[in-house]
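A.B. asks: Following is a predicted model, sequence given first.
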Amino acid sequence: MRARIKSSLGEVAYGDFLVYLMGPYTTFDVEKLVPDSVDPAAVSLPAARADDDELDEMMATLRRVQGRLRENPGVNAFLAVDPEIPLSEMDAASQSIAFARASNATLFVVPGLGDKLGVGMEVGSVLEDMDETDRERVLFAHEDAVSSAMIRSIGQRWDARVVSYADEDELIVAVRQFVADLMNRELYGDLPRKTTDDGA
């Protein structure tokens, strides 16, 4: 998977350091998540919709973060859509888990709009799949305006790092520091190194 991800991206200074960048850049019908035996009207469902302009802005934010990480510190940041793996080959949830397993760092970015339930489900499925060491490779960054029980539970249940940010520049500082820390820890042996030569 690492080789497949790398082959879909351009060259950067640290091409073997993969950073999976996730965010709520899709929308879906929440009621489809409710089992057939349950009446959707009988359960409380959070909003999970965003209009086209909001979705475009979320994707643009993630692309800007990706671009800035690829420039400095020069890591191979990518979004789930970049490897272009057909859903007929692997469903979206399985892709997220596989991408996180293959990556040196996984960043969840949640701006103050969009589909919070969707990103919550993905965060849970990815973190549940990881062991304690790999959870150290996860950063959940949410805009100051975003607050929920799901976000609070990330640090409590999985001991993953959670930070908030006021604007995009503050977000970039936080993710760059996190990535640099992981790079140093891999270099000096505190974390096992992940490389494409591992065959992952």
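C.D. replies: Received it, and whenever you're ready, just let me know what you need. Owing to the predicted nature of the structure, the values given are computational and were not obtained by experimental measurement.
A.B. asks: Give the other helices and strands that the strand or helix carrying residue 67 contacts.
C.D. replies: Mapping residue 67 onto the secondary structure by DSSP states H and E places it in helix 52-71. Counting contacts by 3 or more CB pairs under 8 Å, 6 or more residues apart in numbering; DSSP states H and E, the secondary-structure elements packed against helix 52-71 are strand 14-22, strand 75-78, strand 105-110, helix 168-187. Yep, even glycine has a C-beta here, placed from its N, CA and C like the rest.
A.B. asks: Show me the contact partners of the helix or strand following the shortest one.
C.D. replies: In other words, strand 75-78. The helix or strand immediately downstream of strand 75-78 is helix 92-102, counting by DSSP H and E. Outside of helix 92-102, the residues within contact range by CB atoms under 8 Å, 6 or more residues apart in numbering are 1-2, 5, 18, 20, 22, 78, 80, 83, 85, 90, 106, 121-122, 125-126, 129-130, 134, 138, 194, 200.
A.B. asks: where in this protein is pLDDT low?
C.D. replies: 25-55, 113-122, 147-150, 153, 155, 197-200 (pLDDT under 70).
A.B. asks: Which residue, other than its chain neighbours, is closest to the residue nearest to the spatial centre of it?
C.D. replies: Against the mean C-alpha coordinate of the chain, by CA atoms, centre = their mean, the closest residue is residue 22 at 2.8 Å. In space, and not counting its chain neighbours, residue 22 is closest to residue 108: 5.0 Å by CB to CB, 6 or more residues apart in numbering.
A.B. asks: wait, isn't the one you found in contact with residue 146?
C.D. replies: No: applying CB atoms under 8 Å, one finds residue 108 not in contact with residue 146, separated by 11.3 Å.
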